[in-house]
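Asks: After the sequence you'll find the predicted model.
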Protein chains: 2
Amino acid sequence: MSATRSIRTAALLATGEELVRGAIVDTNSAWIARHLRRLGIELVEVRVVGDQQPVIAAAVRELAARADLLLIGGGLGPTPDDRTRDALADAAAVPLRAHDEARAQLAAYFARFGRTPSPSNERQLLLPAGADAVPNPRGSAPGIALELAGAKVFALPGVPGELRAMFEQSVLPWLGERLAEPPFREVVLQVVGLPESVVGERIARWMAADGPPRVSDTVRFGVVTICAADRDDAAGRARLAACVSGMEEALGEHLFAVGERSLAEVLLDELRARRATVAVAESCSGGRIAAALTAIAGASDVFLEAAVTYSAAAKERALGVPRPLLEQSGVVSEAVARAMAEGIRERAGATWGVATTGIAGPSGGSAAEPVGVVYLAVAGPAGSVAVRKHFPGDRDSVQQFSVIGALDLLRRQLRAR
Amino acid sequence: MSATRSIRTAALLATGEELVRGAIVDTNSAWIARHLRRLGIELVEVRVVGDQQPVIAAAVRELAARADLLLIGGGLGPTPDDRTRDALADAAAVPLRAHDEARAQLAAYFARFGRTPSPSNERQLLLPAGADAVPNPRGSAPGIALELAGAKVFALPGVPGELRAMFEQSVLPWLGERLAEPPFREVVLQVVGLPESVVGERIARWMAADGPPRVSDTVRFGVVTICAADRDDAAGRARLAACVSGMEEALGEHLFAVGERSLAEVLLDELRARRATVAVAESCSGGRIAAALTAIAGASDVFLEAAVTYSAAAKERALGVPRPLLEQSGVVSEAVARAMAEGIRERAGATWGVATTGIAGPSGGSAAEPVGVVYLAVAGPAGSVAVRKHFPGDRDSVQQFSVIGALDLLRRQLRAR
């Protein structure tokens, strides 16, 4: 392949017994696939095989003939079951030779940690004759780059951190000079509080057109994530900007983020900007709202505390929910949700209180209040609001929906002020 | 292929643009691979391609020639980009025909939900001539079974729930009658509180032998999961039982489960058996201990409440930790961890109190107490215990280790009584 030929198609080959045994899921391929898609390169095939050298060599020959670019992950370690370098030499019909640059890289890697290579690392210095070593900033195994049957082949270690670092450091820049078209630019929009079907109707103008820009969506526990992509040239950027601002307008207050931040992150930022604080009282969500907020570094200046009050006694003692209210309305009720939100707000001295009470299942439901019914409440400076929801799915699903629903209820209260 | 020939090798083909675009990770293949491994069937190749019919047809022909069994996932839906049935007809060089049994299955599926099939569902009734319909208990798309180039081919929908149900209901029984050797039986042992290297030394006798039984392990946030597998015949079962009981003895009190139950589940059962209750005070773990316990259905008879006390004021007000102690010892200290565990135990009226306080990072560390330092405490009828841990990794990792460490500390206190 001439160095100036452009790369339009790619194939991936993942090797490793742990993959064909099902011990681990191949997440590298989807990661690489997303990068290739952004570059506008068509991925024609992903193949996974075990550690047998003839099988790897045959796959290399077949895939190199099918695509302009072949990326291989795995099989570059120091042990005898690492066979990618032998298979590459086999497929290219060249011998393996100790590679000076690979030796220098390996020595530098071990020197960084004050260690010396073991004899088994010597295997990692062997590259097919004529191949280049690809630097590995995170591990001992150098990668391999060579040309074969008209295709460019990169072999990288299978360890996700090493593979990703080497792809970004060496493969992406190489590809950047060989694209047939400008790469794609992506914008992500996140929506909460609207069913996916309604989101689809609101953005049908951009989604149905099949691009450019290409617009697609996925949904997970009430959050609809929209991805819009177009070529990263002047015309594409203009189309993308127009599409994004049109969708922003169509989605209105249901849009909570342009970008990949979580709802908890957005909410903490909005509270911080208002110098407001929040405290949480959780029943059916069982601590997951607190966990979602405290997963974000720096949550402590906004999030004061949570009370996970599973028992009625705890609702009374820790939140001050009056016993007559618990007995009269029932623990799963709008009145108790409000009282929980008001109670935690007052006791914690927070600007806002958030509460959940409901039936996560699998048991505990009734005809009037079936499994999945959850009351969400927010108490603030101007009083409290509550909503009744009926979430689908199993216990985990009801809990996840409750978290998103409660965070969104507070987000909407902040916007309304 | 004759119906009595045994199945020794398999290949998988996953189809779908969403896979080659990297929009979703192919988790079906690892799931099927684990089942095949248990059956003693060698998986020779996994291949992922997009929605183009000629590409799918070529992959079907190649893979059917390489294995006794070919399992295909995806491309059986009602829309024009679902091309697996056309590709199968193409590969088998037969026409597509409306299939009576498929029609009956589809009608029964829609009748269950009081709906009628739409015209696009007609496509799903078309099967390659000579193929059988595979019942789909969870969706509208029937699967397809046929013989091709000496291999048995099953095409199933790509939706994980449908694929798995159909594999278990139709493919597994078919395979069960055609195995060359008895399938494998697996036993899982779970260990906490020992480094993976020490676990490896303690079970080296079984692990290094390379079987039978085959013994392997994985580690995740302090829990080491050991898998032992042997043939499911009399000799294999005897070897497996001897190996498991030997490992049980070698692992002692560090073994918390034989089977796949989580540590939270095991702990709730042990508390329930003792008619004991638990309450939790969380600082650095941020609600994740409560979330782990309440993820288990029926937690409410054992778990009373949790206080996620992120601020010092909340530790004082909600848990009764004395202010002089907070000022003298610092919020991240053994004394405060104990006081938190004692405080929540007393206020909730629980048999046991559990507490965490530490530095999850990324900021907030010092030379004396760097990021990752966590104090875990348990208070019970006979007083309180506390330990200092230094957990590795990022904020998420420190939080996950804290949950496992705190649950394990309580588990050990229960055993000691």
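Replies: Thanks, I have the structure now. Numbering: from 1, shown residues only, chains lettered A, B, ... in the order given.

Asks: Specify the local secondary structure of the spatially closest residue to A:Leu148 that is not a sequence neighbour.
Replies: Spatial nearest neighbour of A:Leu148, excluding adjacent residues (Cβ to Cβ, 6 or more residues apart in numbering or on different chains): A:Ala64 at 4.6 Å. C-betas here are computed from N, CA, C, even on glycine. Of the three states, A:Ala64 takes helix under DSSP: H, G, I helix; E, B strand; the rest coil.

Asks: how about the nearest residue to A:Gly40 once chain neighbours are set aside, phi and psi?
Replies: Of all residues not flanking A:Gly40 in the chain, A:Glu181 sits nearest, at 5.0 Å (Cβ to Cβ, 6+ apart). Main-chain torsions, A:Glu181, degrees, to the nearest 10: phi -130, psi 160.

Asks: can you pull the pLDDT of A:Glu181?
Replies: On pLDDT, A:Glu181 comes in at 86.

Asks: lowest average confidence, helix or strand, in chain A?
Replies: For chain A, the helix or strand with the lowest mean confidence is strand A:214-220, at a mean of 84 (criterion: mean pLDDT, DSSP states H and E).

Asks: The next helix or strand after that strand: partners in the sheet, and parallel or antiparallel?
Replies: The element immediately downstream of strand A:214-220 (helix or strand, assigned by DSSP states H and E) is strand A:223-231. According to DSSP bridges, strand A:223-231 forms sheet pairs with strand A:184-192 (antiparallel), strand A:214-220 (antiparallel).

Asks: ranking these by burial, who's on top?
Replies: Compared across the strands paired with strand A:223-231, strand A:184-192 shows the largest average neighbour count, a mean of 19 (mean count of other Cβ atoms under 10 Å in any protein chain shown).

Asks: Need the mean per-residue confidence for that strand.
Replies: Taken as a whole, strand A:184-192 carries a mean pLDDT of 93.

Asks: swap in stretch A:357-364?
Replies: Stretch A:357-364 carries an average pLDDT of 94.

Asks: Spell out for me which residue occupies the centre of chain A.
Replies: Using Cα atoms, centre = their mean, the residue of chain A that lies closest to the mean C-alpha position is A:Glu260, 8.7 Å off.

Asks: Give the bridge partners for the closest residue to it other than its chain neighbours, please.
Replies: Nearest non-adjacent residue to A:Glu260, counting by Cβ to Cβ, 6+ apart: A:Val188, 5.5 Å away. Going by DSSP bridges, A:Val188 is paired in beta bridges with A:Cys227.

Asks: Surely A:Val188 and A:Ala229 touch.
Replies: No - judged on Cβ atoms under 8 Å, A:Val188 makes no contact with A:Ala229 at a distance of 9.7 Å.

Asks: residue ranges with poor pLDDT in chain A?
Replies: Flagging of chain A using pLDDT under 70 yields the residue ranges A:1-4.

Asks: Give me the domain ranges for it.
Replies: Per the record, chain A has its domains at A:9-176, A:184-258, A:263-416, by automatic domain parsing.

Asks: Out of those domains, which gets nearest to B:Gly211?
Replies: Distance to B:Gly211, taken as Cβ to Cβ, is lowest for domain A:9-176 among the domains of chain A, at 13.5 Å.

Asks: need the strands paired with strand A:223-231 in CSV with distance to A:Glu248, can you?
Replies: Converted to CSV, the strands paired with strand A:223-231 look like this (distance: least, Cβ to Cβ, whole Å):
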stretch, distance to A:Glu248
strand A:184-192, 7
strand A:214-220, 13
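
Asks: Over to A:Val387. Which of the three states is it?
Replies: Relying on three-state DSSP, one would call A:Val387 strand.

Asks: Contact partners for it?
Replies: With contact taken as Cβ atoms under 8 Å, 6 or more residues apart in numbering or on different chains, A:Val387 is in contact with A:375-377, A:405, A:409.

Asks: Go through those and flag which are in strands.
Replies: A:375-377 (DSSP state E).

Asks: Look at the residue lying closest to A:Val159 once chain neighbours are set aside and say how many residues are nearby.
Replies: Leaving out its chain neighbours, the residue that sits closest to A:Val159 by Cβ to Cβ, 6+ apart is A:Gly139, at 6.3 Å. By the criterion of other Cβ atoms under 10 Å in any protein chain shown, A:Gly139 has 19 neighbours.

Asks: doesn't A:Gly139 fall inside a strand?
Replies: No - counting by three-state DSSP, one finds A:Gly139 to be coil, located in no strand.

Asks: helices or strands next to the one helix or strand A:Val198 maps to in the packing?
Replies: Assigned by DSSP H and E, A:Val198 falls within helix A:196-202. If contacts are counted by 3 or more Cβ pairs under 8 Å, 6 or more residues apart in numbering or on different chains; DSSP states H and E, helix A:196-202 sits against strand A:214-220, strand A:223-231, helix A:234-251.

Asks: Highest mean neighbour count out of those?
Replies: Note that of the helices and strands packed on helix A:196-202, strand A:223-231 is the most buried (mean count of other Cβ under 10 Å), with a mean of 21.

Asks: quick check: angle from that strand to helix A:234-251?
Replies: Orientation of strand A:223-231 against helix A:234-251 (axes from the mean of the first three to the mean of the last three Cα atoms, to 10 degrees) gives an angle of 160 degrees.

Asks: ranking the contacts of A:Val387 by neighbours, who comes first?
Replies: Within the contacts of A:Val387, neighbour counts (other Cβ under 10 Å) peak at A:Leu376, which reaches 29 neighbours.

Asks: contacting residues around that one?
Replies: Contacts of A:Leu376 (Cβ under 8 Å, 6+ apart): A:337, A:354-356, A:386-387, A:389, A:402, A:405-406, A:409.

Asks: tell me which of those is nearest to B:Met166?
Replies: Among the contacts of A:Leu376, A:Ser402 lies closest to B:Met166 (Cβ to Cβ), at 32.0 Å.

Asks: wait, what's in contact with that closest one?
Replies: The contact partners of A:Ser402, by Cβ under 8 Å, 6+ apart, come to A:284-285, A:288-289, A:356, A:358, A:360, A:374, A:376, A:389, A:391.

Asks: again, but for A:Ala318
Replies: Contacts of A:Ala318 (Cβ under 8 Å, 6+ apart): A:307, A:309, A:343, A:347, B:305, B:307, B:318, B:347.

Asks: Secondary structure and distance to B:Thr218 added to these, as TSV?
Replies: Supplementary listing: the contacts of A:Ala318 in TSV, determined by DSSP: H, G, I helix; E, B strand; the rest coil; distance: Cβ to Cβ, whole Å:
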residue	secondary structure	distance to B:Thr218
A:Ala307	strand	36
A:Thr309	strand	36
A:Gly343	helix	44
A:Arg347	helix	43
B:Glu305	strand	34
B:Ala307	strand	34
B:Ala318	helix	38
B:Arg347	helix	39
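
Asks: now, the most widely separated pair of those residues?
Replies: Among these, the pair separated by the greatest distance (Cβ to Cβ) is A:Gly343 and B:Arg347, at 14.9 Å.

Asks: So which of these two has more stuff around it?
Replies: Legend: neighbour count by other Cβ under 10 Å for A:Gly343 and B:Arg347, higher for A:Gly343 (25 against 20).

Asks: residues contacting the residue nearest to that one when sequence neighbours are not counted?
Replies: Closest residue in space to A:Gly343, ignoring its immediate chain neighbours: A:Leu319 at 3.4 Å, by Cβ to Cβ, 6+ apart. For A:Leu319, the contact set (Cβ under 8 Å, 6+ apart) comprises A:281, A:307, A:309, A:339-340, A:343-344, A:347.

Asks: Filter those residues down to the buried ones and hand me the ChimeraX line.
Replies: For the buried members of these, the matching ChimeraX selection, counting by 16 or more other Cβ atoms under 10 Å in any protein chain shown, is:
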select /A:281,307,309,339,340,343,344,347
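
Asks: The nearest residue to A:Pro128 once chain neighbours are set aside and A:Val308, how far apart?
Replies: Leaving out its chain neighbours, the residue that sits closest to A:Pro128 by Cβ to Cβ, 6+ apart is A:Ala89, at 4.1 Å. Using Cβ to Cβ, to the nearest Å, A:Ala89 is found at 59 Å from A:Val308.

Asks: Those two: which has the busier surroundings?
Replies: Using other Cβ under 10 Å, the more surrounded residue of A:Ala89 and A:Val308 is A:Val308, with 32 against 23.
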